[in-house]
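> coordinates only, no sequence provided:
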């Protein structure tokens, strides 16, 4: 009986061993190839970049500027011709179509008097307001243009007329040194002495012909300090 039980146990052990040997083998864990993974990743990125490039819209070129040159220059509006001989009020704006007077190219010369003596003051060498010291002397010259029709001879003279006479030695008459024809400028020179008292002094003189007929007046003002 014992022998049979032992044999049975031996047989059971053999059966378990055989069944264990014949069971399905354990599935081995696959190994990972790193080089293959890197290659696959690079290929995937390249494919995505290509798809993105195809998906992006192409750049539209900017239009170039081409200037438009007119074939014909339009005619400017003509400026109306200015007529001569008309008169216009100062500051007035002529209406459309109204003639506008022109300014003469040259101003006419002074009109001479028909008869007698006439003159126009031109200048003087000692200006009004010139300051003198008491007793200071000087030559005062007036420049006067003959605008009449009569020649001023050396018998014409300049004479003291009014104011404070500060001519040298109280002189009241000076002869014209050189004759002056019409349109010529004459020079009348007198000697002056500044008064001894400070102040402002003015005197007037007249130009007279040979008969002492006065026809022109000049003056001067000085200051004495």
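Thanks, I have the structure now. Small disclaimer: the values here were computed from a predicted structure and weren't measured.

> immediately after the helix or strand of the chain with the lowest mean pLDDT, which helix or strand?
The least trusted helix or strand in the chain, going by mean pLDDT, DSSP states H and E, turns out to be helix 34-55, with a mean of 54. Moving toward the C-terminus from helix 34-55, the next helix or strand (DSSP states H and E) is strand 119-124.

> so residue 209 makes contact with residue 159?
No - checked against Cβ atoms under 8 Å, the pair residue 209 and residue 159 is beyond contact range at 11.1 Å. Backbone N, C-alpha and C define where each C-beta goes, glycine included.

> which residues does residue 140 form beta bridges with?
Here residue 140 sits in beta bridges with residue 190, going by DSSP bridges.

> what's the answer for residue 216, then?
Going by DSSP bridges, residue 216 forms beta bridges with residue 207.

> list the contacts of it.
If a contact means Cβ atoms under 8 Å, 6 or more residues apart in numbering, then residue 216 has 117-119, 121, 144, 206-207 as its contacts.

> ChimeraX command to pick out the buried ones of these?
In ChimeraX, a selection of the buried entries from those looks like this (16 or more other Cβ atoms under 10 Å):
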select :117,118,119,144,206,207
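
> okay, the contacts of residue 216 in JSON lines with distance to residue 138 and pLDDT next?
Output for the contacts of residue 216, formatted as JSON lines (distance: Cβ to Cβ, whole Å; pLDDT from 0 to 100):
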{"residue": "117", "distance to residue 138": "28", "pLDDT": "95"}
{"residue": "118", "distance to residue 138": "29", "pLDDT": "96"}
{"residue": "119", "distance to residue 138": "23", "pLDDT": "96"}
{"residue": "121", "distance to residue 138": "19", "pLDDT": "97"}
{"residue": "144", "distance to residue 138": "19", "pLDDT": "98"}
{"residue": "206", "distance to residue 138": "21", "pLDDT": "97"}
{"residue": "207", "distance to residue 138": "21", "pLDDT": "97"}
